[in-house]
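**Student:** Need coordinates for the following:
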Amino acid sequence: MSIQDSEQRFLALFMAFYQRVEGQISAYAFWALITFIRNFGVGSTSLPLGELSKVIGIQVKKLRGVLNELEQQGILKIDFPETGKRSRVRHLQLNLTYIRLDSATSIEWLENSNKRMVRQIPLLKLIQTLFIKSDGISISNSPKKIEIDCYLDYRSYLVLLRLLYGADSFGIVIGCGIGEIERATGLSKQSIYRAIQQLKKNGFIRCQADGAIRNSFIQTESPIYALNLSHRFWGGAAIYGKFYILKYPQPHVFEVQKVASIFTMLNPKSDLLSNTKSEDSGVGLKVLNCKNYYLLHDPLCWMKPFILRSRDAVGYANYVLLQQQEIMKLYDHYVELKRLHPENPLSATFYLKPHENILKDEAVLGHLASIQHTKLSGMNNRLGLFQSLLEQWCCQIYSQNKSLFKMLKEANPVVIDDESFERLGCTDFLYPYSLQATQIKTIKEDMTLKNESDKIESMITFKLNAEQSRIHQFLMALMDLIAYNQIYFFQQCMRKHSDIDQKLSATKSSLERVLVNATEIVTPFRILPRSFIQNTYSCCFVPDQHAETNRYFLSELAFQEPFQDGTRFDFPTQQITDISPTLAELKDYGLLHHHCLSLFE
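**Tutor:** Model (predicted):
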């Protein structure tokens, strides 16, 4: 058996135990399990405790308790099979029945398990590298230097392992909060916080969207992480790709805060609507006029939509009119959401304090830049995670739906459909909406009066689905804005800097280009999570399994000077350049944490 086959089997063995021991053993026991499997696999050892201590990397005094813990949990078998002078020699071996195996079937199972893991765990190669390099990790409080300027101790190792296990092929980790890491590592909360900071400092975590308290749309509280797949620690397993960096002119905030500000202005208690009827079509213009036409300097829709005007004529949308129309769409959603919970409106999720509202307080952007600490009750946590989660869903939809992707690339104002939203399978992240008792009572009374009591349950289900649909429609509207304001511009970067597109343009005839485009494959991509106070840049990552280095492209959006005909506002222009960013620039873009020590490439 080759060394590579042995490593893969040991990895499959470890992952089988790793997936079952969650929440059952201490951090030291986790570490002992890793090193035991790496050194002995399914075999046994009779090494004296002192020698075993050197192999496992845990002091003798501590190791006794750790071995006892693993035995009590049924993970390790300790017996005395020898006779004579060696009758008191202890033999240690993994208990395969813990993972429902026996020695007769273990080899075949490990081979099949490895094949399954390749399909189920996207970053398995990185986990394998981490597993192999565990012999260079220190169990002491003083980190051991395993590579130049690259530090890991056993705590940060265990945290990184859990993040890799929960990551997708882009290195994005969703739904892995402190609680999940605590159960998977046996570490205390404070140790986990310190380990995460260490991983950021040493470049293993690129960036994150801060965790959030629950709101009326999503119930997840876990941060979203982006791992550094090209860190030099990964060696030959590293994954490189293209990073497209979108730079917005200031002032600018992203979609969720912008919509939240509009919802706050639409509140009946707001001065804006105090003299406005609900059906007043001038609402859009009033919101547009707020704070010296803020939404014309930082529009709801940055993309210049390509619109059919008639059967034979095409053109582009009027900038000001389009922004007003987008406001009215949001106004309709606001009214619908207000009807769902009269006593506790969903729109309250978006109610902002004066210093958070970009349409109200002149000092808001300056205040955001000065925020030093994140508070659970603050805007960062109420809305920041929501923004990043919607971006992940939106990227997933456009990476999977070829038709939507191609239409958006040509500036068509496409909208996400119900089928695409349902395919996300995101219901676990959404707050479980239910009808109020008064609504159910009304339905029962109405159906009883109609002598249709047998249809009460189906009517309740119908009503519930209808109201849930309103929420989904609003979430899709937010994702449409993300597509118009971010994904569309990333597509233009991809188009300009695609070697395939350039070759096709130079060598293929028009007919051939049409045939190639008809079979075009959409390249999957993800917007990287960011701090909510990062309002200047948005970054998109496109992995390339064949690349040997990362490439970076900066796309700058800018508004033109006023036209000679007196037109004050128009859609922005886009300038794209190939760049080689420094460490400081990568930190500014949000591609590395601001405490990161090096590029680590």
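**Student:** same for the longest helix belonging to the chain, what does it pack against?
**Tutor:** The residue-count maximum for a helix in the chain (DSSP state H) belongs to helix 456-482. Packing partners of helix 456-482 (3 or more Cβ pairs under 8 Å, 6 or more residues apart in numbering; DSSP states H and E): helix 255-266, helix 319-340, helix 379-400, helix 418-423, helix 437-449. In short, each C-beta sits where N, CA and C put it, glycine included.
**Student:** Next SSE downstream of it?
**Tutor:** As assigned by DSSP states H and E, the chain's next helix or strand after helix 456-482 is helix 488-496.
**Student:** could you give the mean pLDDT of that next one?
**Tutor:** Computed over helix 488-496, the mean pLDDT rounds to 92.
**Student:** just checking, what packs against it?
**Tutor:** Counting by 3+ Cβ pairs under 8 Å, 6+ apart, helix 488-496 packs on strand 240-247, helix 402-409, strand 537-544, strand 551-558, strand 573-579.
**Student:** hang on, the earlier thing: show me how far the longest helix of the chain is from its chain's centre.
**Tutor:** Distance of helix 456-482 from the chain centroid (Cα atoms, centre = their mean, to the nearest Å) equals 24 Å.
**Student:** Can you give me the buried ones in that helix?
**Tutor:** Buried residues in helix 456-482, defined by neighbour count with 16 or more other Cβ atoms under 10 Å: 456, 460, 467-468, 470-482.
**Student:** Kindly report the same for stretch 94-103.
**Tutor:** 94, 95, 96, 98, 99, 101.
**Student:** From these, pick the one nearest residue 325.
**Tutor:** Nearest to residue 325 among the buried residues of stretch 94-103 is residue 99, at 58.6 Å by Cβ to Cβ.
**Student:** so the closest one sits right up against residue 17, yeah?
**Tutor:** Yes. Between residue 99 and residue 17 there is a contact at 6.0 Å, judged by Cβ atoms under 8 Å.
**Student:** Which segments of the protein make up each domain?
**Tutor:** Domain assignment for the chain by automatic domain parsing gives 1-120, 252-489.
**Student:** element containing residue 286, please.
**Tutor:** Using DSSP H and E, residue 286 maps to helix 283-297.
**Student:** how far off helix 255-266 does that helix point, in degrees?
**Tutor:** Helix 283-297 and helix 255-266 are oriented at 140 degrees to each other (axes from the mean of the first three to the mean of the last three Cα atoms, to 10 degrees).
**Student:** Mind giving me the packing neighbours of helix 283-297?
**Tutor:** Judged by 3+ Cβ pairs under 8 Å, 6+ apart, the packing partners of helix 283-297 are helix 255-266, helix 319-340.
**Student:** relative to helix 319-340, how tilted is that helix?
**Tutor:** Using the same axes, to 10 degrees: helix 283-297 against helix 319-340 is 120 degrees.
**Student:** Run the chain-centre distance for helix 283-297.
**Tutor:** Centroid separation between helix 283-297 and its chain, computed with Cα atoms, centre = their mean, is 32 Å.
**Student:** can you check stretch 291-311 too?
**Tutor:** Once both centres are worked out by Cα atoms, centre = their mean, stretch 291-311 turns out to sit 28 Å from its chain's centre.
**Student:** Please list the outside residues in contact with that stretch.
**Tutor:** With contact meaning Cβ atoms under 8 Å, 6 or more residues apart in numbering, stretch 291-311 is reached by 248, 251-253, 258, 287-288, 314-317, 319-320, 322-323, 326-327, 330, 358-360, 362, 410-413, 481, 484-485, 488-489, 557, 559, 568-569, 571-572.
**Student:** got it, and stretch 258-269?
**Tutor:** Residues contacting stretch 258-269 (Cβ under 8 Å, 6+ apart): 253, 270, 272-273, 283, 287, 290, 295, 298, 300, 327, 330-331, 334, 347, 350-352, 356-360, 383, 478, 481.
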